[in-house]
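J.: here are the coordinates; sequence isn't available:
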């Protein structure tokens, strides 16, 4: 009799010690640590875990046992992360995309401004023989900056495509981004110069 | 129990076929596969989702979060028209394999 009540006490103690919501929360945090699992995937896996817990509870298992079995069935968070990464390598890339875009645009703008300043210096140096004495005024400079910034969405797209394949490293991509911005700037500037020249000759 | 390679190879036609019968969600799909195969095809629960998401990325299935009768929100998957076309091809290919093996093993072939 004493043994039995002691056993019951033990069970009750275990039940109170184990908190299902806390256990799910811990499991959720383990999932969050996996970079390849997006918020939506984690939400989907959690509904799956909760369904499995409910099934085991219906079969008569207590909270702790149900959670342990359900967790085992869904799989270890680390393994899940690896599987998702294998199935979609670009998922890692898309994670925290907002931060990446902001960083990328900031770096690209700074790089473009630096390069435009460099062109300006080059223009001054080569003005006599390469640029046929073109005056480098504020309008053409503004157009150059705008054109460079307009090229960004195109560059960003290319960045993501190559980023998805994981074949180009970040510094190479930033360099390409800056160089293509520069190219756009020069092309647009040349066109503006040509048109303005034609307008003047008329 | 089915070998790992077979489980992987048959995942796509199985998922498309299950969804051809109507929309479903991950937990239900796993239960259906377990039940239909008499427990012979054991998909690890968590491993199902990468396959489902790949099919969605490939444009064969669509998904939508909906509230189930229990009040819990679930992500339901359903087959779209491209998925139906692919399923038709998959079906023909699997039946070809099935019929070829059936002839070799002297089992009555299935109709294509």
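T.: Everything's here; your move. All values reported here derive from a predicted model rather than from experimental measurement.
J.: Check the secondary structure at the residue nearest to residue A:82 when sequence neighbours are not counted for me.
T.: Nearest non-adjacent residue to residue A:82, counting by Cβ to Cβ, 6 or more residues apart in numbering or on different chains: residue A:36, 7.7 Å away. (Glycine included, C-beta is placed from N, CA and C.) Taken by DSSP: H, G, I helix; E, B strand; the rest coil, the conformation at residue A:36 corresponds to coil.
J.: neighbours of residue A:36, just the number please.
T.: Using other Cβ atoms under 10 Å in any protein chain shown as the criterion, residue A:36 is surrounded by 22 other residues.
J.: ok, now the one 10 residues further on?
T.: Summarising burial for residue A:46: neighbours were counted as other Cβ under 10 Å, giving 15.
J.: ok, now which ones touch it?
T.: Shown in contact with residue A:46 (Cβ atoms under 8 Å, 6 or more residues apart in numbering or on different chains): A:24, A:28, A:31.
J.: Where does residue B:74 fall, secondary structure wise?
T.: Under the assignment given by DSSP states H and E, the secondary-structure element containing residue B:74 is strand B:73-79.
J.: Run the angle between the next helix-or-strand element following that strand and strand B:73-79 for me.
T.: Sequence-wise, the next helix or strand beyond strand B:73-79 is helix B:81-104, with elements assigned using DSSP H and E. With axes from the mean of the first three to the mean of the last three Cα atoms, to 10 degrees applied, the angle from helix B:81-104 to strand B:73-79 works out at 70 degrees.
J.: tell me the angle of the helix or strand harbouring residue A:49 relative to strand B:73-79?
T.: Taking DSSP H and E as the criterion, the element that holds residue A:49 is helix A:39-58. Orientation note: helix A:39-58 sits at an angle of 110 degrees relative to strand B:73-79 (the same axes, to 10 degrees).
J.: Quick one: name the residues of chain B near chain A.
T.: On the criterion Cβ under 8 Å from any Cβ of the partner chain, chain A has as its neighbours in chain B the residues B:25-27, B:44-47, B:49-51, B:53-54, B:57, B:72-75.
J.: Touching, the residue nearest to residue A:82 and residue A:85? I think so.
T.: Yes - counting by Cβ atoms under 8 Å, residue A:85 is a contact partner of residue A:36 at 4.0 Å.
J.: what about the residue nearest to residue A:82, distance to residue A:48?
T.: 17 Å (Cβ to Cβ, to the nearest Å).
J.: Over to residue A:74?
T.: When Cβ to Cβ is applied, the distance between residue A:74 and residue A:48 equals 6 Å.
J.: More neighbours: those two, which one.
T.: Neighbours were tallied for residue A:74 and for residue A:48 using other Cβ under 10 Å; the higher tally belongs to residue A:74 (27 against 24).
J.: Mind listing the strands the strand holding residue B:74 pairs with, and their directions?
T.: The strands that strand B:73-79 pairs with in its sheet are strand B:24-25 (antiparallel), strand B:61-67 (antiparallel) (by DSSP bridges).
J.: Deepest-packed of those, please.
T.: Mean neighbour counts were compared across those using mean count of other Cβ atoms under 10 Å in any protein chain shown; the top stretch is strand B:24-25, at a mean of 20.
J.: mind checking how far that one is from the chain centre?
T.: What separates the centre of strand B:24-25 from the centre of its chain is 11 Å, taken as Cα atoms, centre = their mean, to the nearest Å.
J.: what's in contact with it?
T.: Contacts of strand B:24-25 with the rest of the structure, by Cβ under 8 Å, 6+ apart, involve A:47, B:18, B:32, B:68, B:74-78.
J.: looking only at pLDDT, what's the mean for it?
T.: Across strand B:24-25, pLDDT averages out at 94.
J.: swap in stretch B:100-112?
T.: 79.
J.: if you skip the residues just before and after it, what's nearest to residue A:84?
T.: The shortest distance from residue A:84 to any residue other than its chain neighbours is 4.4 Å, reached at residue A:36 (Cβ to Cβ, 6+ apart).
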